[in-house]
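> Pasting the sequence and the predicted coordinates here, then a few questions.
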Amino acid sequence: MAATRRSTDDLFRADVAHVWHPFTQMADYAATEPLIVDSAEGNWLVDTEGRRYLDGVSSLWCNVHGHRVPEIDDAIRAQLGRVAHSTLLGSGSVPSIELAAKLAEIAPAGLTRVFYAENGASAVEIALKMAFQHWRHRGQPGRTRFLAFANAYHGDTLGAVSVGGIELFHEAFRPLLFDVLRAPSPYHYRCPDGHAGHEECGRHSLAVADRLLAEHAGEVGAVILEPLVQGAAGMITQPPGFLAGLAEVCRRHDVLLILDEVATGFGRTGTLFACEQEGVAPDLLVLGKGITGGYLPMSAVLAGDAFAEPFLGAPTAGRTFYHGHTYTGNQLCCAAALANLDLFDTRDVVARGREAATLLASQLERFEELPAVGQVRQRGLMVGIELVADRETRAVPDPRRRLAWNVCLGLRRRGVLIRPLGDVVVLMPPLSIRPEE
Ligand code: PMP
């Protein structure tokens, strides 16, 4: 006999009693009207009351083709019929091999090696540890430091938080973190150094990075950047040439470049990977979120042969990379990722995402003139609408008004599910969003 369905009220009571939600003030959550997702269809989520919501932030920036995609569903089912999980520690698996070969084929040239993890933060952690160990094996053990940017976000584990630069999220943990060299963010709307122009602000940011690397010559192993857009800081876009400029600075100082494409990867900014737009191939490329089309938790770090070569040696030579997770390279995740990447080939997903972004840009013009809108930022299907108390002075809204949050709550009542970042209303629909949606 089918179990009777629990009512939304009943589920919500259990939710509040037992589930500790991420990035959520639970006292506030308990006092807000419940939204409990029950199912989904295409770009829409359906709650336990049968209400439909457009998935306006791609279920936290990871959904690509919408929900319940037959090809991905089938691939996971087929893999379930073989094996759900076995370890990659010392043994292989068919889908993890196929996926690594596929990623090597589609990634910027030279990135041939794939190390898997389950989330963006772990992959960033892996990239940092790999960069650190790489220099030890190259006879430069003094290169232990990293350079990162203000307003960066790379995830919530302690290494990722160390290179992160968002006060609200990261400041409380400062005593636990390692010290990082910090260059300013090219956030010209609120440039702390007074550079009003986007390109000028970007040039200043690069000049500081350059100077810091010169001052700390031989100490820095790698620079880490979210290319084209700093996502979690509120979709802060970089001026043209910023990424290529940074790559040149890294080359000049013989420092590794780690690009964190957890958010920007898989078509989000108009190309499969954001770094393609400036012809940059990093030493380490960090991928996550959209890698499985938004289906299952998976991430990866891609490296080149020359980067990986110093890790080779006898088992006793101390060159092994001692890092891994129980579910590293899980077969169901790999199967979902392979089906996802097949869809990129067969459905022209990136080009369709670009068309959607062009339409979105024309629709966003209406917001530019609103008195509460300070700046509208867009790169492909990543959009941030920064709200202000006063357009002239750019004064930030009174935090107690929770302006962006209330905009999102209002939209939720109108059937659109989005989440703000501070004072920034974020739009990041799936690449499959249709014009009428
Ligand atoms: N890097 C970037 C650029 C991100 O945007 C995020 C998540 N928003 C992460 C890393 C962390 O990924 P995860 O939440 O999967 O750990």
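Here it is on my side, so go on. Residues are numbered from 1 along each chain as shown.

> what are the ranges of the helices in the stretch 201-350 of the chain?
Assigned helices in the stretch 201-350 of the chain, in chain order: 242-252, 305-308, 331-347, 349-368 (criterion: DSSP state H, counting those that start in this stretch).

> would you turn those into JSON lines with mean pLDDT and distance to the ligand?
(Each C-beta comes from the backbone N, C-alpha and C, glycine too.) Converted to JSON lines, the helices of the stretch 201-350 of the chain look like this (pLDDT from 0 to 100; distance: least, CB to the nearest ligand atom, whole Å):
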{"stretch": "helix 242-252", "mean pLDDT": "98", "distance to the ligand": "14"}
{"stretch": "helix 305-308", "mean pLDDT": "98", "distance to the ligand": "20"}
{"stretch": "helix 331-347", "mean pLDDT": "97", "distance to the ligand": "13"}
{"stretch": "helix 349-368", "mean pLDDT": "97", "distance to the ligand": "17"}
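
> Might you enumerate the residues of this structure proximal to the ligand?
Contacts of the chain with the ligand, taken as CB under 6 Å from any ligand atom, map to 119-121, 124, 153-155, 226, 231-232, 260, 262-263, 288.

> Now the stretch 101-250 of the chain against the ligand: closest residue?
Closest to the ligand within the stretch 101-250 of the chain is Gly120: 2.2 Å, counting by CB to the nearest ligand atom.

> you'd agree that residue is up against Gly290?
No. Applying CB atoms under 8 Å as the test, Gly120 and Gly290 come out as separate, 10.7 Å apart.

> May I see the buried residues of stretch 142-159?
Applying a neighbour-count criterion of 16 or more other CB atoms under 10 Å, one finds 143, 145-156, 159 buried in stretch 142-159.

> out of these, which are inside strands?
Among those, the members falling in strands (DSSP state E) are Arg145, Phe146, Leu147, Ala148, Phe149.

> Could you let me know which of the residues of the chain next to the ligand ends up closest to Ala300?
Taking CB to CB as the measure, Ala300 lies nearest Gly288 of the residues of the chain next to the ligand, at 7.5 Å.

> That closest one: neighbour count?
Counted by other CB atoms under 10 Å, the residues lying close to Gly288 total 28.

> Show me where the stretch 201-350 of the chain has its strands.
Under the criterion DSSP state E, counting those that start in this stretch, the stretch 201-350 of the chain contains strands at 220-225, 229-230, 236-237, 256-260, 284-287, 299-304.

> Mind putting these into TSV with mean neighbour count?
Output for the strands of the stretch 201-350 of the chain, formatted as TSV (neighbours: other CB atoms under 10 Å):
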stretch	mean neighbour count
strand 220-225	26
strand 229-230	26
strand 236-237	24
strand 256-260	27
strand 284-287	28
strand 299-304	25
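
> Rebuild these as CSV, extending it with mean pLDDT.
Formatted as CSV, the strands of the stretch 201-350 of the chain follow (pLDDT from 0 to 100):
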stretch, mean pLDDT
strand 220-225, 98
strand 229-230, 98
strand 236-237, 98
strand 256-260, 99
strand 284-287, 99
strand 299-304, 98
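
> Next, format those as a markdown table and append distance to Leu338.
Converted to a markdown table, these look like this (distance: least, CB to CB, whole Å):
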| stretch | distance to Leu338 |
| --- | --- |
| strand 220-225 | 28 |
| strand 229-230 | 27 |
| strand 236-237 | 32 |
| strand 256-260 | 23 |
| strand 284-287 | 14 |
| strand 299-304 | 13 |
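
> Out of those strands, flag the one nearest His188.
Nearest to His188 among the strands of the stretch 201-350 of the chain is strand 236-237 (9.1 Å), distances taken as CB to CB.

> Please state the offset of the closest one from the chain centre?
13 Å (CA atoms, centre = their mean, to the nearest Å).

> Sheet partners, orientation included, of that strand?
strand 229-230 (antiparallel) (DSSP bridges).

> quick one: the partner strand to chain centroid distance?
Relative to the centre of its chain, strand 229-230 is centred 9 Å away, using CA atoms, centre = their mean.

> who's in contact with that strand?
149, 151-153, 185, 187, 235-238, 263-264, 269, 274, 379, 382 (CB atoms under 8 Å, 6 or more residues apart in numbering).

> Would you point out which residue is most central in the protein?
Centroid-nearest residue in the chain: Ala263, 2.5 Å away (criterion: CA atoms, centre = their mean).

> thinking it is in contact with Ile291, fair?
No. Look at Ala263 against Ile291 with CB under 8 Å: they stay out of range, at 11.7 Å.

> So which elements touch the least confident helix or strand in the chain by mean pLDDT?
Lowest by mean pLDDT, DSSP states H and E among the helices and strands of the chain is helix 167-170, with a mean of 87. Using 3 or more CB pairs under 8 Å, 6 or more residues apart in numbering; DSSP states H and E, no helix or strand is in contact with helix 167-170.

> Mind listing residues that contact the helix or strand that comes right after it?
Next helix or strand after helix 167-170 toward the C-terminus (DSSP states H and E): strand 181-183. With contact meaning CB under 8 Å, 6+ apart, strand 181-183 is reached by 145-150, 165, 205-206, 208-209, 212-213, 216, 220.

> switch the cut-off to 7 Å
Arg145, Leu147, Ala148, Phe149, Ala150, Gly165, Ser205, Val208, Ala209, Leu212, His216, Val220 (CB atoms under 7 Å, 6 or more residues apart in numbering).

> next one: stretch 44-55
Contacts for stretch 44-55 (CB under 7 Å, 6+ apart): 8, 11, 35-40, 43, 63, 412, 415-417, 430, 437.

> Averaged pLDDT, it. What do you get?
Here stretch 44-55 scores 98 as its mean pLDDT.

> end to end, how far does it reach?
Separation of the first and last residues of stretch 44-55 by CA to CA, to the nearest Å is 5 Å.

> got the buried residues for that stretch?
Buried residues in stretch 44-55, counted by 16+ other CB under 10 Å: Trp44, Leu45, Asp47, Thr48, Tyr53, Leu54, Asp55.
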